[in-house]
Structure formats: structure tokens, C-alpha cells
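Engineer: Any chance you can model this:
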Amino acid sequence: MGTTASLDVGGTRVRGDPERRFRLRLGALLVAGMVAAFAGGAATVLTDVRGELLSSAGRDAADSLAMVLGENPAGELEAPPVTDASTWNTLLADLGRSRAVHDILVWDASGTALLSLRGSLATAALRPDALRKALSGERTVTLGRPAGPGARAPFGAATLDVVLPVVLRGADGAPSRRGAIEVVSDGRPVLEAVRRVWIELGAISALLILALTALILHLANLMTARALRDPLTGVANLRHFETAAAGMLPRLARHGRSAAVVVVDLSRLGNVNDALGHRAGDALLRLAAKVLRSETRPGDVLARVGGQFLTLLDEADAEGAEAFAKRVLASLERSVHVGPGPVRLRATAGIAVFPDHGSTLDELRAHADSALREAKLGGFPFFAYRKGLGHSTAEALALESDLAAAIVQGELVAFGQPVVAMGSGEVAGVELLARWQHPERGLLAPGAFIPQAEEAGLIRELDRWAFDAAAAAVAVWAGQGFEGFVSVNLSAQSLTDRSLPEASRLALERHGAPPDRLVVEVTETAAIRDLQGSRNVLEALRELGLRIALDDFGTGYSSLAYLRRLPVDLIKIDRQFTEHVASQRSDQYLVRALMTYTRGLGLNVVAEGIETEAQHDWLEHAGIELGQGFLYGVPGPLDRPPVTLPVPGAPARRS
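Structural biologist: This next block holds a predicted model:
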């Protein structure tokens, strides 16, 4: 079945383009009309043009209804039982937004009206010739006032009446009998347009086709928009995407050209939905769709499937797909305002290339999903498929099983990154970072196993291991003269774990660790998911003598508003505010404002992401007490007091 409407997605028509088809047909008819007029055969041409136009109206009305009602395997239009309120109400809702379509009626073989969506024409009789043709599988299209008693002509001479054959389904849903379905439309704007153009140009035959084509396209778009478009973002839906791919991939294969499927996953969508509600999540989806649409070209196809976006890049190789992914991810990596405050968008992408990674859309999607999973496991922004990634799901499940054993068997290793006093360059503390010494895969970074820990419900056990390792390090280092702190990150799940304070107390007692040397880091996003529950747990930890740090400050939902509601001792300014602080005044103003506010609350401040001397100098001059970043040292094993760790970035004058 051909489509009845086109949809502009990502700057391209992504399904059949009937509007273009009509324009080509119209152009041919106009040329034929002018030639015949000059030859003296205008009357004959007008008759032919009118017949072709009405035939087209019948075909496209059938296609329009098929998009909503469906067809059987033989390609015949099917109507659900008249008791199927859902389908008919959907059609009625579409009619309610149209000024062109007056009513749609269903007739049985005896000419009895079974259904009139608006109820306005049910008492009128169907023309016998139209019913007879419908029962024999033919369609009839009439422009003008039908003849006979009870004729349905709500728009007088401008009534467009289309009668189509249909297979009627019984109450049990099975095909039961044949009948007819009738679409009655308002043609008055058509006749008015024809009259004006006739007066101005004297080309009534050509403009009649143009006006009626516009009417037919309006009906087609009305009936098919719901089936072709994602209602939230306006991009294509999966059905539309699959249809476009079915046309694109064979064409590219014939010409020996490539394409790419890029799947983009919004990493924080679930957190936003949980914390701020689905309205905020929907706003993020609409924003992401806008970003992706701005990066697509004519010929590309963009669709949304849940929290992911699929893009089919026409005539793109691996290099072009990676460049596209870089642009999209760079545009999405920013803070936006939804709900009560700013949220930082984060996304990951997987890439599969046609025909290298698959000859069908199903293969390409499966391989792009495998690449996406690999990107998440490895902590990469995007990843292109390569042979062997198809087993990633099974490997991920095996990794989850291995992780459960690793926590018990001591395969996890504590690393730490120094936190430096800005004025002296001395190490003031260390942030504990977990690594996994996998027996087969070697040393794994957190991005390779933290997502699995969260999915498998192991993140609380991992958090408790980290706290225990931090308490052990503090106890050992205190005996060796180091008076700094060790900070440990807590997940959102641990923040609502009422047994965590007691487990932490036992760990402190077991190692004999001074509690004031331990700092618990939480993110705004995690804390706000259950604000009261998080506050209760944090206050209990604080009563043990621990200090609380708010991590990634400035990237959450409403930082300043929640600072006073959480038991916080210090904040860590996210690297997005310090990255360009030495050169951008906007970042400088923001950091100074944060400093003023936090000083008023009596909080200490750690600046994250410091990598240059210029950043260090500006932040120290602004009054920042502590700094963390590659300038001072990369994460290393916590097997000795951090005062003996090299701090290559600390300026000599402060050593």
C-alpha cells in the first residue's frame, strides 16, 4: 500500500511523498491542458483531467482510511466492528480538527447505514450505483450535488463524495460481509479558488486540479499524521523509520554506497522522571529531538523509540557517523532548565554501518545497541560496532555475576586522587575511587562495572565496600601522621538505606578510624530523588562524626535552594564551571557568586577539574580553599599515605 502523506523529519521526507507525486502529475496534466487548448481541444482535455483527478481522489482516500482502519492480506480495506469505540473515536477526533471532512459513513450490502461518525447523514440513502460498485470491489468519486431523494450534499455543488469497498468485521472481529465506506468532504473552498483563478488566468482546468489536490492532501495528512509521527517530539516513530529504511537500504546497495545507524541514549532521563516528573522528562526529550534534528541532513531519517533516538544517515561511512555523533553529544552536553532548576544533559551513542555491520535494519539496530552498551561499559561517549560485540549482553550478565563474587573475594582495589590545599600545595585529602582487578580482563575503571552494579542491585554492597576501604585507609594513615581526609561517594540507593548509618558505625569501630577524617560525597541528583529520606540518612551519618560533601555542585536541579535543606559541610564545584574560569567572565561571575553564598553558610569549597596553572591561580585568588584535578595528580593505589604521593602540579612556590 502506498502512503498518503509525507512527514518532514530531520529535513527530509521519510516516507512516500504523495505531495511530490501529485505535483508531478499536476505538471504533466497542465502541460497537456495547454497544448490541447492551443490545438482547440480544451474540452476534451478538461474531461480527461477531471477523470484523472477524481480517480486520484479515490485512491488516496482509500489509502488514508487504510492507515487508520487497516487492510487484510488481499489488500482490501477493512472496517472494525461498529462497537469498536476506540478506533472509531480516534477517527472522530481527527474529524473534529478538520474543516474539510464533514462525515464518514459505513453501509452494509442492503444500503443500511451502520455508522455515521457525526450522525448527520445516517438517514440519507446511499446511491444505488455507488453501492453496487462498492460490493463488486470498485470505487466511485463524485464532485457536485448527488442526484435523488435524500441526497447527501451538505456543501451543495462543492460536495466531494468518495464511496469505497470495505470488508466489515463482526462483533467477534472476524470478517463477515462486504459493504461500503463513504467520505463526504467540503469542497466550497475549492470552487472559490477555482473561480478566482479562472477570472485571473482563464485556466480553470489546471487550477481545478490544483485546488482539489490540496483538499485531498489535507485529508490524507489528517488521517495519517498519527500513524507516522511521534506525538511528543514531532520526529518519526519506529514504524515510519522502518519504512524509510526499507526504501533506503536497497537503493544504497544497488549503487554500492553506505549508510549508518546511530542510536543515542539519554543517560539521565530516568533520574529526571523520578525526581521532577515525566513532564520534565518530556521537555528533555523535545530538546534532544531539536538538537538531533538540527544535525541531520536532507535524506537522513530521525525517529524516537522510548528514551532513545534512532538516526539513519544516508550515504554515510563510519567516519561521517562518528563526526555526527561527536556533534550531537557535544550539543547535548549542557545544562538546561526544566522543572525548578538546571539539569545537565548526558548522552551516549552506538554506531553501526551498512553494509559492513549488517544488511538489514534489524541487524544494524542490534549491532548499534551492542556498540551503545560497549560505550557505557567503557565510559566512552560513543562507540562504533566491531565484530564480536554481539555477545555483549551475555558478557554483561557474566560481568554482573563476577562482580558479586569480586566484592566478597577482594578483587576490588581502592584508588585515590589527591585534593590539594590551594595556598600551600599540600595534600589535604583524597577522594577514593574504586577499581576492579578482574582476573581475566585486567584492571577495570568504574565505568566498566558501576552501571552493572546499579542494574544488578549490587551498588549498595559496592558502596559499603568503599566506605570500609576508606575507614581502613584513614586508620592506617592516622597512625603514620597523615591528618587529611578520605572521601567516598554514595549512590542514590544507599542514600535511602536506613541500615547504612549502623553499618558505617561498625566499620569505624572495626578499623578504629577517626570519623571526622571521613567525608561522604553525594550528588544533588541523588539527594533530591527522596529528599526527606536522604536527609535522614545524611543526618545520621553526620551524628557519627562524618562530614558531608555535595558533589557536582551546580549541575543538579536547584542547588542553592536545597543547600540549606541538606546537612552539608562542603561543596565540590563541578568542572564545567572551572574549565574556562581563567578566561571566561561568565564563569568567573558564577564562581564568585557561589563563593559568596557558601561562605555565608559556613561551607568549605573544593574546585574540581583543575588542569592548568591559570585555573589554579584564578581560583586561589578567588578564595577557593581546596582543589582537585589532573594538575595535582592522577588516581593511584591507596597503599601508602598520600603525603608521599607525587603531586606534580602543585607549584613549587607553594610546596
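
Engineer: all helices of the stretch 551-655 of the chain, in order?
Structural biologist: 559-563, 575-578, 585-600, 613-621 (DSSP state H, counting those that start in this stretch).

Engineer: Highest mean neighbour count out of those?
Structural biologist: Stretch with highest mean neighbour count among the helices of the stretch 551-655 of the chain: helix 575-578 (a mean of 20; mean count of other CB atoms under 10 Å). (Glycine included, C-beta is placed from N, CA and C.)

Engineer: Against which helices or strands is that one packed?
Structural biologist: helix 585-600 (3 or more CB pairs under 8 Å, 6 or more residues apart in numbering; DSSP states H and E).

Engineer: what about the helix it packs on, distance to the chain center?
Structural biologist: With CA atoms, centre = their mean, to the nearest Å as the basis, helix 585-600 stands 34 Å off its chain's centre.

Engineer: what packs against that helix?
Structural biologist: Applying 3+ CB pairs under 8 Å, 6+ apart, we find helix 585-600 packed against helix 559-563, strand 570-573, helix 575-578, strand 604-607.

Engineer: what about the closest residue to residue 289 other than its chain neighbours, how many residues close to it?
Structural biologist: Nearest residue to residue 289, sequence neighbours excluded (CB to CB, 6 or more residues apart in numbering): residue 233, at 3.7 Å. By other CB atoms under 10 Å, 22 other residues sit near residue 233.

Engineer: before we move on, what SS does residue 233 have?
Structural biologist: Per DSSP: H, G, I helix; E, B strand; the rest coil, the local secondary structure of residue 233 is coil.

Engineer: Contacts only, for residue 353.
Structural biologist: By CB atoms under 8 Å, 6 or more residues apart in numbering, residue 353 lies in contact with 258-261, 316-318, 321, 384-385.

Engineer: so where do the strands sit in the stretch 51-200 of the chain?
Structural biologist: Per DSSP state E, counting those that start in this stretch, the stretch 51-200 of the chain carries strands over the ranges 78-79, 101-107, 113-116, 140-143, 159-169, 175-186.

Engineer: Now do residue 433 against residue 402, distance only.
Structural biologist: Note on residue 433: its distance to residue 402, by CB to CB, to the nearest Å, is 20 Å.

Engineer: before we move on, what about residue 467?
Structural biologist: For residue 467, the distance to residue 402 (CB to CB) stands at 22 Å.

Engineer: The two: which is more packed in?
Structural biologist: Remark: of residue 467 and residue 402, residue 467 carries more neighbours, 25 against 18, as counted by other CB under 10 Å.

Engineer: Pull up the per-residue confidence for the residue nearest to the more buried one when sequence neighbours are not counted.
Structural biologist: In this structure, residue 467 finds its nearest non-sequential neighbour in residue 488, 5.4 Å apart by CB to CB, 6+ apart. At residue 488, the model reports a pLDDT of 93.

Engineer: Nearest to residue 294, out of the strands of the stretch 51-200 of the chain?
Structural biologist: strand 101-107 (34.8 Å; CB to CB).

Engineer: quick one: strands adjacent to the closest one?
Structural biologist: Take DSSP bridges as the rule and strand 101-107 pairs in its sheet with strand 113-116 (antiparallel), strand 175-186 (antiparallel).

Engineer: for those, which one sits closest to residue 73?
Structural biologist: Using CB to CB, the nearest of the strands paired with strand 101-107 to residue 73 is strand 175-186, at 10.8 Å.

Engineer: buried residues in that closest one?
Structural biologist: Neighbour-count burial for strand 175-186, counted by 16 or more other CB atoms under 10 Å, picks out 178-186.

Engineer: in terms of contact, does residue 564 touch residue 600 like I think?
Structural biologist: No: counting by CB atoms under 8 Å, residue 564 does not reach residue 600; the two are 10.3 Å apart.

Engineer: Now do the strands in the stretch 201-350 of the chain.
Structural biologist: 259-266, 301-305, 308-313, 335-338, 341-344, 347-354.

Engineer: can these go into CSV with extra columns for distance to residue 510 and mean pLDDT?
Structural biologist: Listed next are the strands of the stretch 201-350 of the chain as CSV, based on distance: least, CB to CB, whole Å; pLDDT from 0 to 100:
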stretch, distance to residue 510, mean pLDDT
strand 259-266, 41, 93
strand 301-305, 49, 91
strand 308-313, 45, 94
strand 335-338, 41, 62
strand 341-344, 38, 65
strand 347-354, 39, 92
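
Engineer: which ones are touching the closest residue to residue 581 other than its chain neighbours?
Structural biologist: Nearest residue to residue 581, sequence neighbours excluded (CB to CB, 6+ apart): residue 587, at 4.5 Å. Residue 587 sits next to 577-581 when contact means CB under 8 Å, 6+ apart.

Engineer: possible to save these as TSV with distance to residue 128 and pLDDT?
Structural biologist: Shown next, in TSV, are the contacts of residue 587 (distance: CB to CB, whole Å; pLDDT from 0 to 100):
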residue	distance to residue 128	pLDDT
577	78	83
578	82	88
579	79	86
580	79	86
581	83	88
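
Engineer: Format those as a markdown table; extra columns: distance to residue 281.
Structural biologist: A markdown table is the format used below for the contacts of residue 587 (distance: CB to CB, whole Å):
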| residue | distance to residue 281 |
| --- | --- |
| 577 | 25 |
| 578 | 29 |
| 579 | 27 |
| 580 | 30 |
| 581 | 31 |
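
Engineer: quick one: which of the residues you listed is nearest residue 308?
Structural biologist: residue 579 (28.4 Å).

Engineer: correct me, but the closest one touches residue 609?
Structural biologist: Yes: look at residue 579 against residue 609 with CB under 8 Å: they come within range, at 5.9 Å.

Engineer: Now do the buried residues in the host helix or strand of residue 373.
Structural biologist: For residue 373, the enclosing helix or strand under DSSP states H and E is helix 361-378. Residues 361, 363-377 are the ones in helix 361-378 that count as buried (16+ other CB under 10 Å).

Engineer: what helices or strands is it leaning on?
Structural biologist: Applying 3+ CB pairs under 8 Å, 6+ apart, one finds that helix 361-378 contacts helix 238-254, strand 259-266, strand 347-354, strand 382-384, helix 392-409, helix 450-455.

Engineer: Show the contacting residues for residue 461.
Structural biologist: With CB under 8 Å, 6+ apart, residue 461 has these contacts: 404, 407, 453.

Engineer: Quickly list what residue 553 is bridged to.
Structural biologist: Residue 553 has these beta-bridge partners by DSSP bridges: residue 573.

Engineer: separation between it and residue 456?
Structural biologist: Taken as CB to CB, the span from residue 553 to residue 456 is 29 Å.

Engineer: go on, residue 283?
Structural biologist: 31 Å.

Engineer: Then residue 125?
Structural biologist: From residue 125 to residue 456 the distance is 68 Å (CB to CB).

Engineer: what do you get for residue 412?
Structural biologist: According to CB to CB, residue 412 stands 15 Å off from residue 456.

Engineer: Ok, residue 143 next?
Structural biologist: Computed as CB to CB, the residue 143 to residue 456 distance reads 66 Å.

Engineer: Please apply the same query to residue 640.
Structural biologist: 33 Å.

Engineer: any idea of the pLDDT on residue 576?
Structural biologist: Looking at residue 576, its pLDDT is 79.

Engineer: next one: residue 71
Structural biologist: Looking at residue 71, its pLDDT is 74.

Engineer: what's the answer for the one 10 residues further on, then?
Structural biologist: According to the per-residue confidence, residue 81 scores 82 in pLDDT.

Engineer: Any idea how many residues pack against it?
Structural biologist: By the criterion of other CB under 10 Å, residue 81 has 18 neighbours.

Engineer: residues contacting it?
Structural biologist: Residue 81 touches 169-171, 173, counting by CB under 8 Å, 6+ apart.
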